[in-house]
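J.: Give me the fold of what follows.
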Amino acid sequence: MLLAPVLAVGCTNVMSMSAAPAAVVTASGTFAPFAPGATSVTYDPKLVPVGATASVTIAQEVVRTQVRLTVAGLLPDRGYGAHLHTDPCGPTGEAAGPHYQHRPDPAATAAEPSVDPAYANPHNEVWLDFHTDANGHAASAATQMWTFSSLPRSLIIHAMTTETAPGVAGMAGARLACLTLPA
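T.: Residues are numbered from 1 along each chain as shown. As a prediction, this is how the structure comes out:
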């Protein structure tokens with residue numbers, strides 16, 4: 001489902017997309033329980049309620065990528081983690097695969113994702129952690145000085161903001177919701 005743009009009030013961390021992008025991808029959706037063909041799924045309706053919304057815009061230029069996320073209808077005054085993942089949404093959060101990494105961690109596997117801060121960091125992945133306002137709205141943005149070799153296929157909203165210490169780098173708790181991005 002496409003939604004009207006969401007205006008986030010009182011949020012920080014939003015960056016301008018002023019340069020003319022070479023390619024723009026946008027995905028928006030309203031979270032609902034999983035059903036075959038669903039593109040926006042809540043796996044935990046207590047933390048990402050049915051009817052909450054998200055919109056992601058990826059703008060790639062020649063040497064950089066800017067990603068913007070807006071959410072509405074989530075729990076108020078709460079921190080969440082958010083990352084781009086390699087695979088589309090599925091019946092469980094694990095279906096979205098690992099975080100997209102510009103330089104993949106050679107030691108990571110599907111069963112054991114990267115937790116090495118040399119790879120699991122906000123410069124090699126797209127981290128869009130956010131804190132909702134009193135109305136459950138938030139916005140976040142990230143700029144990377146690289147472009148995607150292949151587009152990530154989903155955005156996952158996690159239960160916690162992202163860890164950075166060795167052995168837990170990139171971890172952000174349970175996968176609460178997923179928004180599939182266009183191929």
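J.: Show the subsequent helix or strand relative to the helix or strand containing residue 59.
T.: Using DSSP states H and E, residue 59 sits within strand 53-60. The helix or strand immediately downstream of strand 53-60 is strand 65-72, counting by DSSP H and E.
J.: can you state the direction angle for the helix or strand following that following strand and strand 65-72?
T.: Heading C-terminal from strand 65-72, the first helix or strand you meet, by DSSP H and E, is strand 79-85. Interaxial angle, strand 79-85 versus strand 65-72 (axes from the mean of the first three to the mean of the last three CA atoms, to 10 degrees): 140 degrees.
J.: Show me which residues of strand 79-85 are buried.
T.: 80-85 (16 or more other CB atoms under 10 Å). C-betas here are computed from N, CA, C, even on glycine.
J.: related to what we said a few turns ago, got a list of contacts for the strand holding residue 59?
T.: Contact partners of strand 53-60, identified using CB atoms under 8 Å, 6 or more residues apart in numbering, comprise 3, 5-6, 17, 21-31, 40, 65-73, 147-148, 151, 155, 157, 177, 179, 181.
J.: Could you do stretch 164-176 as well?
T.: By CB under 8 Å, 6+ apart, stretch 164-176 touches 42-44, 47-48, 80-83, 92-94, 96, 99, 113-117, 119-121, 125, 129, 156-163.
J.: circling back to that earlier point, in strands, which of the contacts of strand 53-60 appear?
T.: Helix and strand membership here follows DSSP state E; of the contacts of strand 53-60, those in strands are 23-30, 40, 65-72, 155, 157, 177, 179.
J.: Return the members of these classed as buried.
T.: Of the ones in strands among the contacts of strand 53-60, these count as buried by 16+ other CB under 10 Å: 25, 27-30, 40, 65-72, 155, 157, 177, 179.
J.: In PDB, could you pull the C-alpha coordinates for stretch 88-96?
T.: Extracted in PDB, the C-alpha atoms of stretch 88-96 (Å, rounded to 0.1, in the frame of the first residue of the first chain):
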ATOM      1  CA  PRO A  88      12.200  -9.600   1.500                       C
ATOM      2  CA  CYS A  89       9.800 -10.000   4.400                       C
ATOM      3  CA  GLY A  90       8.300 -13.400   5.100                       C
ATOM      4  CA  PRO A  91       6.300 -15.300   7.700                       C
ATOM      5  CA  THR A  92       9.000 -14.600  10.400                       C
ATOM      6  CA  GLY A  93      11.500 -11.800  10.800                       C
ATOM      7  CA  GLU A  94      14.400 -14.200  10.100                       C
ATOM      8  CA  ALA A  95      13.100 -14.500   6.500                       C
ATOM      9  CA  ALA A  96      14.600 -11.000   5.800                       C
END
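J.: hmm, who's touching that stretch?
T.: So stretch 88-96 is contacted by 34, 38-41, 43, 85-87, 153-154, 156, 174-181 (CB under 8 Å, 6+ apart).
J.: let's see it at 10 Å
T.: 29, 33-36, 38-41, 43-44, 83-87, 97, 110-111, 152-158, 174-183 (CB atoms under 10 Å, 6 or more residues apart in numbering).
J.: Fine by me, thanks again.
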